[in-house]
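Engineer: Pasting the sequence and the predicted coordinates here, then a few questions.
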Amino acid sequence: MSHDITHNEIGHDHHDHKPKGFVKRWLMTTNHKDIGTLYLVFALAMFILGGAMAMVIRLELFQPGLQFIEPHFFNQMTTMHALVMIFGAVMPAFVGLANWMIPLMIGAPDMALPRMNNWSFWILPFAFTMLLATFFMDGGAPAGGWTMYPPLVLQGGHNVGFLVFAVHMMGISSIMGAINVIATIMNMRAPNVGYLNMPLFVWTWLITAFLLIAVMPVLAGAVTMVLTDRYFATSFFNAAGGGDPVLFQHLFWFFGHPEVYIMILPAFGIVSEIIPTFARKPLFGYVSMVYATAAIAFLSFIVWAHHMFSVGMPLGGELYFMYATMMIAVPTGVKIFNWVATMWKGSMTFETPMLWSLAFVVLFSIGGFSGVMMALAPVDLQYHDTYFIVAHFHYVLVTGAVYGIIAGVYYWLPKWSGHMYSERLGKIHFWWSTISVNVLFFPQHFLGLAGMPRRIPDYSTQFAEFNMMSSIGGFAFGLAQVFFVYIVWKTVRGGEKATDQVWDDAKGLEWTVPSPAPYHTFEEFGPVDLDKMAHGKIH
Amino acid sequence: MSETSKDQYYVPHLAKWPIVGTVGMTVTFVGATLAMNSQTSTTPWVMYAGIAIILTMFFGWFSEVIKESEDNLYNKQVDGSFRMGMIWFIFSEVMFFAAFFGALFYARTLSIPWLGGEGTGLATNEVLWNGFEGVWPSNGPGELNGRFEIIDPYHLPLVNTLLLIASSVTITIAHHALRAGNRSQTIFWLIATVILGAVFIFFQAEEYVLAYQEFNLKLSSGIYGSTFFMLTGFHGVHVTLGAIMISIITIRVIKGHFKPESHFGFEAVAWYWHFVDVVWLGLFIFVYIL
């Protein structure tokens, strides 16, 4: 890149010179690796911030009674913890991994639409600045729950507009990110890489991207109705005007259910890369994995009202949504069995990414099983809005999505940074997290079954022991993630040099480029060596 | 600085417009919220400033892309990426409208009948909204904003339907003329399309004035007013954007842009125009006629 370009950057860089200066390197970047790094750093910052909010919640719940914070602030904490973790941590982390890995995995020079890629990322810090600024306004941050149900959300004072617009911005970012992923995968594969040669991480992201494009606009529509109901006297959610608050829940969960798969399918993809590497066997049932992912995505569109069994629905609706929901267990089961079968008789080793992946398979299954329990409409009436659901979705989101992300970071960090992380520290991080996360969330099943409601800062004394246990687990788990930040920092700064191959038996095009991956890879379009790909020659 | 060779994918460097767009978006939204939260009605200057920044961004960004395209920096593969970008963007727009159509169908087939006592709504109707009959059109049991009349579909809306269908035909004729290399024909039919779109927007505005002044049909007229104005309003915004886009490609054709065999910018605008046309047909049937 020549440095004297001022008005028209049409040169193509054949050297590995990164743009100089912070603004050019990061603010104006079109490089998929830099943008991936930005996404991952942003997600990590939001993960710590959202985690800090969780610590406040667990601190208040350490003992019955009101100790530290006002109930209204507690409600802000639960609401903002969820928004920050979902839209700020988990989704951007997956997009960051997609940015880094998809072009490397399919032999593409970059993402298909590099400028839009920059835009997708930079919207996020601005959206979250706007959202977090509401903490310092009259009436504080949104406190009506991340689901933003009216009429409660409409009572949010000055924050409603900021909340709605922040969600719009996150949605715009996600849609553009998803369009980029689809265009990259469909249009930028190396000429001899077919769809059924693609690594499973690429496949799961392709399907996730379709989910994003289909549902984020529906969320945008729903929150737009909240905005006009609040400020412009419309009656979408007002029964006196012929509307219905339940309408919001239908629209929201039409987005919300695919959203939970948006947050788990890429994690499925990551563990499907890692398990074959450390079991030293090809992934069992590759094609069935692809079909199972697609089936889960399809089913995610037709099950949304299982989040609403207790709000009032015709009986036929309850039955339909119950049966449809339970069908999801079938393709999910296919995946679990495939991972287990991949390991069957493999010569397994247990490096840190593998440990996180194995914990993912076991602990995500626990979250899946409690999901099947709640799919039963009659018993869901007991679980609804209790700590049982809190336990359920934290098992699928923390030990599912977040474990998948952490596994992926350990797996690919040597490729990104050129350094090996410390295996000893990684294992300490794993065991510390995995023990504490179960101390944190497993007792919440019992609390929920015994009737402790979620989103309430105080509770009856009978729940005291399990809450204290859960809080201790929470503090330990939170601290473990600060340790994770330290491990990543240390690895990026230095350490043992990583080889290009990094893992002995890893397959995939990302292992054919040097470590750290050069600024530009696969610049010359041309066929790649299919033998290097996990599924290059099988189909 | 070397030219991109044809078999290489064009990867632009140093994008300055995205961050401008982000700043514009943030200023717009902050300005809008400040204005909405304000107790007194003030002119939302901050929001206008944000919109101005966004417009500058679009102008600058598209100028850059158009220049690159005219400089022949793109190859077939880049063209493919642009096509996919536009297709899936339009799909996301479809889903946005689907949310509002969903609200309309929900109100008509579920919430209004329930409030009127159908199904399990009997007690609700007896106790809370006694005497309310769940028939469409409705501004709800609270009769919000008082009695109103609805727009007769066979006057202005029918004319508007014919206008938009005609405009879809004219833009297709323009496309065929462009492919045949007949520029004056292309320009003529593009201008015809813009005029048809502009007349449509004028009639929509006329209809809104009529609704507010003669029929007492307002945004605050319960669920009917909400769905009517939000659906037609968002559609109107899209027609306006589409008309601006067609105006811009008209200028580009006049300036000699596009080739008979490659003119993706033209096609993208045409797709978008057909999309707003199809949404209108949905509106005409489900909002106006039924």
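Structural biologist: Nice, I can see it.

Engineer: how far does the helix or strand harbouring residue A:173 sit from the chain's center?
Structural biologist: Here residue A:173 sits within helix A:159-187, counting by DSSP states H and E. Put simply, helix A:159-187 sits 14 Å off its chain's centre (C-alpha atoms, centre = their mean, to the nearest Å).

Engineer: Mind giving me the packing neighbours of that helix?
Structural biologist: helix A:91-106, helix A:114-133, helix A:200-231, helix B:17-37, helix B:76-106 (3 or more C-beta pairs under 8 Å, 6 or more residues apart in numbering or on different chains; DSSP states H and E). Where C-beta positions appear, they are placed from N, C-alpha and C, glycine not excepted.

Engineer: Show me which residues of the fourth one are buried.
Structural biologist: Taking 16 or more other C-beta atoms under 10 Å in any protein chain shown as the basis for neighbour counts, the residues of helix B:17-37 that come out buried are B:17-37.

Engineer: Also stretch A:47-64?
Structural biologist: Buried-residue list, stretch A:47-64, by 16+ other C-beta under 10 Å: A:47-51, A:53-63.

Engineer: next one: it to chain centre, how far?
Structural biologist: That offset, for stretch A:47-64, works out to 20 Å (C-alpha atoms, centre = their mean).

Engineer: for stretch A:317-329, same thing?
Structural biologist: 24 Å.

Engineer: ok, it near chain B or not?
Structural biologist: No. Under the criterion of C-beta under 8 Å from any C-beta of the partner chain, stretch A:317-329 makes no contact with chain B; the nearest approach is 10.2 Å.

Engineer: Need the mean per-residue confidence for that stretch.
Structural biologist: Throughout stretch A:317-329, pLDDT has a mean value of 96.

Engineer: now could you export just the CA positions of it as CSV?
Structural biologist: Output of stretch A:317-329 as CSV, limited to C-alpha atoms (Å, rounded to 0.1, in the frame of the first residue of the first chain):
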residue,chain,number,x,y,z
GLY,A,317,-51.8,-23.7,19.6
GLU,A,318,-50.3,-25.0,22.8
LEU,A,319,-50.4,-28.5,21.5
TYR,A,320,-48.9,-27.6,18.1
PHE,A,321,-46.0,-25.6,19.6
MET,A,322,-45.3,-28.4,22.1
TYR,A,323,-45.0,-31.1,19.5
ALA,A,324,-43.1,-29.0,17.1
THR,A,325,-40.7,-28.0,19.8
MET,A,326,-40.0,-31.6,20.8
MET,A,327,-39.1,-32.4,17.2
ILE,A,328,-36.0,-30.2,17.6
ALA,A,329,-34.6,-32.8,19.9
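
Engineer: got a list of contacts for that stretch?
Structural biologist: With C-beta atoms under 8 Å, 6 or more residues apart in numbering or on different chains as the test, stretch A:317-329 has contacts from A:296, A:299-300, A:302-306, A:309, A:313, A:368, A:372, A:375-377.

Engineer: What is the neighbour count of whichever residue of the stretch 251-400 of chain A sits closest to chain B?
Structural biologist: For the stretch 251-400 of chain A and chain B, the shortest gap (C-beta to the nearest C-beta) falls at residue A:251, measuring 5.7 Å. When neighbours are counted by other C-beta atoms under 10 Å in any protein chain shown, residue A:251 registers 26.

Engineer: tell me the contacts of the closest residue to chain A within the stretch 1-150 of chain B?
Structural biologist: At 2.7 Å from chain A, residue B:99 is the closest residue in the stretch 1-150 of chain B, using C-beta to the nearest C-beta. Neighbouring residues of residue B:99 by C-beta under 8 Å, 6+ apart: A:217, A:218, A:220, A:221, A:222, A:225, A:251.

Engineer: ok, 10 Å please
Structural biologist: Residue B:99 is in contact with A:215, A:217-225, A:251, A:254-255, B:230, counting by C-beta atoms under 10 Å, 6 or more residues apart in numbering or on different chains.

Engineer: With residue B:121 instead?
Structural biologist: By C-beta under 10 Å, 6+ apart, the neighbours of residue B:121 are A:312, B:110, B:111, B:112, B:113, B:114, B:115, B:128, B:129, B:134.

Engineer: what sits against the last one?
Structural biologist: Remark: with contacts taken as C-beta under 10 Å, 6+ apart, residue B:134 is in contact with A:242, B:108, B:110-118, B:121, B:125, B:140-141.
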